[in-house]
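>>> Here is my input; please provide its structure:
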Amino acid sequence: MQAALSTNTETKRQLLRDAESSLRACLSMDSADPRSYVVLGKLLVQQKRYDEARKLYADGTTSTGNTSPYIWAAWGYLESLTGNVTRARKLFDAAVVVDETHAAAWHKWGMLEMRQGNYLRARDLWTTGINKCRRVSSRSKTYLYCSLAVMAAELGKLAEARAWFQEGTRLVDGRSSCALWHAWAMTEARLGDSSAVRYLFKRSLEANPRSRYAHLAWSMWERQQGNTRGCLQLLARGSSLNPADPALYQARGIVEKEAGRYDEARTAFKQGLKVDASHLHLWQAWGVMEYQLGQYDEARRLFQEGVWADPGSKDVVYIFQAWGVLESRAGNAALARELFKAALKVDPKNESTWSTWIKMEEDLGRLDAANELRIRRSEQQWEFVIPASFSTRPGKGPTPSSGGGVLQGLLDTLNSFFTARGQAEQQQGGRAAATAASSDTTTSAGQQEAMRSLLPADFRPDLSIEDVIPATCFQDTGAVAGSFEQQGSSSHDGLADVEQPSRLERVEALRQPDLSHAGDDDPRHSSSGQHSSSGRGQSPDSTVSRSRKLSPLDRRKGLQRPQRLSPGALRQ
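Predicted coordinates:
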C-alpha cells in the first residue's frame with residue numbers, strides 16, 4: 001500500500017523489495033498458506049516477472065494440495081495476461097472445480113472469453129457464476145453483474161444493462177461496490193442526464209472515496225460537459241488522494257494544454273513522469289503537444305524516451321504511430337514508414353496506424369503501395385458476429401443449448417409464465433427495470449424518468465457537483481478554472497474532435513478490474529463509448545488513458561486510451 005502511494009521511485013522500489021522479502025518469509029514459515037502465494041504472485045506480475053510468478057503458483061498448488069481456488073485463478077489470470085489462452089482456460093476450470101462459488105474465477109474466465117470474441121460463452125460463465133454464488137456473501141460477485149451490464153450496454157441493449165445494474169446494486173455487497181456504480185454512471189453518460197450521472201458517480205465515491213478511476217472518469221465527463229471548474233476540482237481531489245497516479249497528472253496536463261497554458265501542462269507531465277517514468281501515455285501526450293506546437297526536435301526526444309521507457313509494452317504502438325505522423329509531416333517518408341511498421345509489429349490490428357500509413361502513401365502518389373496496404377489491413381481485421389437474438393438476460397432469448405420441437409415449446413411456455421409473473425411483481429413494486437426498455441437511441445424526458453425510477457430513493461434531480469465537492473475545498477483551482485472560462489469553448493469543445501473507438505475498444509475501456517487485484521475498482525476494463533477515446537481531426541490531441549494492471553473494463557488498464565493521430569493530421 002505504501003509503495004502504491006509513494007511518489008519517489010527509489011522509495012517505491014525499496015518498499016516493493018521489503019514487501020517481497022516479508023512475503024517470502026511468510027512462505028518459509030507456512031508453505032501451505034495460499035494467501036502468501038497469491039499476494040506475492042500479484043507483486044511479481046506487477047513487476048512483469050512472469051516466469052517467477054508461474055513457478056511460484058506451481059509451487060503453491062503443490063504445497064496446498066491443489067485445493068486453493070485463489071491460486072488457480074491467479075495463475076489463470078497470469079496466463080491470460082501473457083496470451084496463453086488454452087492454458088488459462090484449464091486453470092480457470094480447475095479453480096471452479098475446486099470451489100464453484102469462487103466468483104473471481106468465473107469473472108476472469110468470462111473476461112478471457114469475451115476478449116476472444118466468445119460473447120455467448122462469456123455470458124454463460126457470468127450467469128453461471130451468479131447462480132453458483134447467489135447464496136454466498138462475497139463482494140467479488142458484484143463484478144459478475146457489472147460485466148453483464150457493460151456487455152449489454154455495448155451491444156445496444158440498454159434496458160438489459162440497467163436491469164443488471166439495478167439488480168447488482170440492490171445486493172448488500174453491490175451497494176458498496178465502487179465499480180458497479182462507476183460503470184452505471186458511464187453507461188448513463190451516453191444519454192446526457194447530468195443529474196443521474198453525477199448521482200451515480202457520487203455513489204461510486206461514497207463506496208470508495210479514494211478511487212482514482214472514479215475521479216478520473218468523472219473529471220473527464222465534466223470536461224466533456226464544458227464544466228472545466230468541476231473537472232479541475234475532481235482532478236485536484238484525485239491527485240491529493242492518489243499522489244502516485246500518473247494518469248491524473250496526464251489528465252491535468254491535457255486540460256492545461258487545451259487552455260493554452262503550455263508551461264503548466266509541461267509541469268504536469270513532468271510530475272507524472274517523476275511518479276512513473278514507464279507510463280507511456282504520458283510520454284505520448286507530452287510529445288503530441290510539442291508536435292502540435294511545432295517543436296519537432298523536442299517531440300522526437302520525448303517519443304524516443306517513451307520507447308526506451310518500456311519497449312516491451314503494447315502501448316508503445318501509440319508512440320510509434322504519433323512519431324510516424326510527425327516524420328511524415330516533416331517530409332521524412334522513409335523514416336515514417338519504418339515507424340509505422342514498428343507500430344504494426346506491436347499491434348497488427350491498430351486501425352489508426354493503417355489508416356495513417358495509407359493516407360501518407362496516397363498523398364505521395366504511391367497508389368499501388370496504398371492498395372497493397374489496404375489488402376494487408378483486411379487480412380488483419382476481424383470482427384465478432386453476435387446473433388440477433390443474443391440476450392444477456394437468461395430466458396430472454398435462445399441459448400446455444402436450446403433445442404427445438406416439444407422441448408422448445410415447453411421452455412417457451414415456462415418463459416412466458418415467469419415473464420408474466422415478473423411483470424406483475426414489477427407493477428406492484430413500482431420500480432421495474434423494464435420501464436426503461438422503450439428505446440435505446442433517444443433521450444426523451446420519458447426515458448429519463450424511466451431510468452430515474454431505477455435509482456435508489458435518495459436520488460435528487462437537482463444534484464450538482466458542488467453538492468458533492470464544495471468549491472471552497474479547492475480554492476487553488478479557481479484561478480485555473482477562471483482562465484479556462486475566459487478562453488471560452490470555441491477552441492476545444494469537449495471531445496468533439498476525438499474519434500469513437502471500435503466496439504471492442506469501448507468494452508475494454510469500461511471493463512471492471514480483474515479480481516486478482518485486491519482494492520482495484522476500475523470498472524473497465526471493463527466499456528462505453530465515452531470512456532475511451534482516440535484522436536481524429538485536423539488538430540490531433542491526446543486523451544487520458546490508464547495502463548491496466550490486469551488488465552480492463554480496461555484500462556481499461558485505463559479508462560481512457562491515448563490519442564491516435566489520425567489521417568487528418570497529414571493534411572496540410
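>>> what comes into contact with the helix or strand hosting residue 51?
Assessed by DSSP states H and E, residue 51 sits inside helix 50-63. By CB atoms under 8 Å, 6 or more residues apart in numbering, the surrounding residues in contact with helix 50-63 are 31-32, 34, 37-38, 40-41, 44-45, 68, 71-72, 74-75, 78, 81-82. (Glycine included, C-beta is placed from N, CA and C.)
>>> Give the residue spans of this structure that score low on pLDDT.
For the chain, the stretches flagged by pLDDT under 70 are 1-9, 192, 382-385, 394-454, 457-572.
>>> residues of the helix holding residue 51 that come out buried?
53-54, 56-57, 60-61, 63 (16 or more other CB atoms under 10 Å).
>>> Now it - C-alpha only, PDB.
Taking C-alpha atoms only, helix 50-63 is exported to PDB below (Å, rounded to 0.1, in the frame of the first residue of the first chain):
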ATOM      1  CA  TYR A  50       6.100 -13.600 -15.200                       C
ATOM      2  CA  ASP A  51       8.300 -16.700 -15.100                       C
ATOM      3  CA  GLU A  52       8.900 -16.200 -11.400                       C
ATOM      4  CA  ALA A  53       5.200 -15.900 -10.800                       C
ATOM      5  CA  ARG A  54       4.500 -19.100 -12.800                       C
ATOM      6  CA  LYS A  55       6.900 -21.100 -10.700                       C
ATOM      7  CA  LEU A  56       5.500 -19.600  -7.500                       C
ATOM      8  CA  TYR A  57       2.000 -20.600  -8.500                       C
ATOM      9  CA  ALA A  58       3.100 -24.100  -9.400                       C
ATOM     10  CA  ASP A  59       4.800 -24.500  -6.100                       C
ATOM     11  CA  GLY A  60       1.700 -23.100  -4.400                       C
ATOM     12  CA  THR A  61      -0.700 -25.500  -5.900                       C
ATOM     13  CA  THR A  62       1.600 -28.400  -4.900                       C
ATOM     14  CA  SER A  63       2.100 -27.100  -1.300                       C
END
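>>> and the next helix or strand along the chain from that helix with helix 50-63, angle?
Using DSSP H and E, the helix or strand that directly follows helix 50-63 along the chain is helix 69-81. Angle of helix 69-81 versus helix 50-63, following axes from the mean of the first three to the mean of the last three CA atoms, to 10 degrees, is 150 degrees.
>>> other SSEs contacting whichever helix or strand comes after helix 69-81?
Counting by DSSP H and E, the next helix or strand C-terminal to helix 69-81 is helix 85-98. When contacts are defined as 3 or more CB pairs under 8 Å, 6 or more residues apart in numbering; DSSP states H and E, helix 85-98 packs onto helix 69-81, helix 103-115.
>>> can you redo these as a markdown table with distance to residue 212 and mean neighbour count?
Listed next are the helices and strands packed on helix 85-98 as a markdown table, based on distance: least, CB to CB, whole Å; neighbours: other CB atoms under 10 Å:
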| stretch | distance to residue 212 | mean neighbour count |
| --- | --- | --- |
| helix 69-81 | 21 | 26 |
| helix 103-115 | 21 | 27 |
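>>> Can you lay out these as a markdown table showing distance to residue 330?
Output for the helices and strands packed on helix 85-98, formatted as a markdown table (distance: least, CB to CB, whole Å):
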| stretch | distance to residue 330 |
| --- | --- |
| helix 69-81 | 37 |
| helix 103-115 | 37 |
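>>> what's the closest of these to residue 347?
Nearest to residue 347, of all these, is helix 103-115, at 14.1 Å by CB to CB.
>>> Who are the packing partners of that closest one?
Counting by 3+ CB pairs under 8 Å, 6+ apart, helix 103-115 packs on helix 69-81, helix 85-98, helix 119-133, helix 142-154.
>>> Which one of those helices lies nearest to residue 252?
helix 142-154 (27.3 Å).
>>> could you check the angle helix 103-115 makes with that closest one?
Using the same axes, to 10 degrees: helix 142-154 against helix 103-115 is 20 degrees.
>>> Let me know the next secondary structure element after helix 142-154.
Once helix 142-154 ends, the next helix or strand along the chain (criterion: DSSP H and E) is helix 158-170.
>>> in that following helix, what counts as buried?
Buried residues in helix 158-170 (16+ other CB under 10 Å): 158-169.
>>> before we move on, the earlier item: output the buried residues of helix 50-63 in a markdown table, with distance to residue 302 appended to each entry.
What follows is these, written out as a markdown table (distance: CB to CB, whole Å):
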| residue | distance to residue 302 |
| --- | --- |
| 53 | 32 |
| 54 | 35 |
| 56 | 37 |
| 57 | 38 |
| 60 | 42 |
| 61 | 44 |
| 63 | 47 |
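>>> Which single one of those is nearest to residue 391?
When the buried residues of helix 50-63 are compared against residue 391 (criterion: CB to CB), the nearest one is residue 57, at 36.3 Å.
>>> Just give the nearest non-adjacent residue to that closest one, would you?
residue 75 (3.9 Å; CB to CB, 6 or more residues apart in numbering).
>>> Burial-wise, tell me which of the helices and strands packed on helix 103-115 comes out on top.
helix 142-154 (a mean of 29; mean count of other CB atoms under 10 Å).
>>> what about stretch 92-111, how long is it end to end?
11 Å (CA to CA, to the nearest Å).
>>> Tell me where the stretch 251-400 of the chain has helices.
Assigned by DSSP state H, counting those that start in this stretch, the stretch 251-400 of the chain shows helices spanning 262-275, 280-292, 296-309, 316-329, 333-346, 351-363, 367-380.
>>> Can you name every helix or strand that the last one contacts?
Here helix 367-380 touches helix 351-363, going by 3+ CB pairs under 8 Å, 6+ apart.
>>> Tell me which other helices or strands the helix it packs on touches.
helix 316-329, helix 333-346, helix 367-380.
>>> right, so those: which one is the most enclosed?
helix 316-329 (a mean of 26).
>>> export it as CSV, just CAs?
Below are the C-alpha coordinates for helix 316-329, written out as CSV (Å, rounded to 0.1, in the frame of the first residue of the first chain):
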residue,chain,number,x,y,z
VAL,A,316,4.2,1.6,-27.3
VAL,A,317,2.2,1.4,-30.5
TYR,A,318,0.7,4.8,-29.8
ILE,A,319,4.1,6.4,-29.6
PHE,A,320,5.3,4.8,-32.8
GLN,A,321,2.1,5.9,-34.6
ALA,A,322,2.4,9.5,-33.4
TRP,A,323,6.1,9.6,-34.2
GLY,A,324,5.3,8.4,-37.7
VAL,A,325,2.9,11.2,-38.2
LEU,A,326,5.4,13.7,-37.1
GLU,A,327,8.0,12.4,-39.6
SER,A,328,5.6,12.3,-42.4
ARG,A,329,4.7,15.9,-41.8
